[in-house]
Every structure is written in structure tokens, then in C-alpha cells.
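Student: Show me the folded form of this:
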Amino acid sequence: MRVTYEADLRTAAGSVWLPDYACDLELSLDWDNGEPCLSVDDVLVDVSGYREPSNYISMLGGEADPLMAQVGQAIQKQAEEDDALLARVLAEEGIYWIGGGNNPDGRWRVAS
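Tutor: Take a look at the predicted model:
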């Protein structure tokens, strides 16, 4: 699944070092001990110029220079920990929790 991701990129201490950054993410939904989690498979950035058609390159692949790859890895880590992004993906996939918030007898269900 491909989604547009917009967020403030933060340092390890939590301060914003790159505000309002936007890119596209290639995501897959995985399951860890019965809990859904996101895997960011790729971070894509549009490198086209003004009035040119979109041209996306991977920030994690061989086309990326070392600084771009480092920023891509930071985006990947932050996005995989973003609960709002996970909730958005679950909603788009039609996956929801049956049972109360703390109900151990609840389970994940896919809308049909």
C-alpha cells in the first residue's frame, strides 16, 4: 500500500529538526504476536522540478546518497512507530477490533 506521509521529523531527544516533511511510503501490514504493526518497505521522495511530471526515487535504495539514506531510515523508523498511521492503514484495510479496549477475549476482524 502506498500512502503520503507528512510529519515533523524529530531527533532522538524529541526536538523537531525537519518540520512538515512530506514523502510517500510503501507499507505492508504485518502481525506481531497477534497485534497489527506496520512495516515501511520504502520511502519515496519526488525529485521533479517545477512543472515537471512527478519523479519518485527511493530514499532507501541505491539511488540515494548517504545523507538521503540516513533521513530515509529516520522516516522509516518514525513511521513504523506512528500509531495514527497504523490506525489509518487499519481503517483503509477494513480491519477493526471486536471487544472492549482492554478485553482479552476481543480479536481483530477484517470487514467483509
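Student: Can you tell me the closest non-neighbouring residue to the most centrally placed residue in the chain?
Tutor: A centroid search over the chain (CA atoms, centre = their mean) returns residue 79, at 3.9 Å, as the residue closest to the centre. Closest residue in space to residue 79, ignoring its immediate chain neighbours: residue 40 at 5.0 Å, by CB to CB, 6 or more residues apart in numbering. Heads up, the C-betas are built off the backbone N, CA and C, glycines and all.
Student: Counting neighbours, what do you get for that neighbour?
Tutor: Neighbours of residue 40 under the rule other CB atoms under 10 Å: 21.
Student: thought it was touching residue 25?
Tutor: Yes: the pair residue 40 / residue 25 is scored as a contact, 5.4 Å apart, by CB atoms under 8 Å.
Student: so residue 64 is in which element?
Tutor: If you go by DSSP states H and E, residue 64 is not part of any helix or strand.
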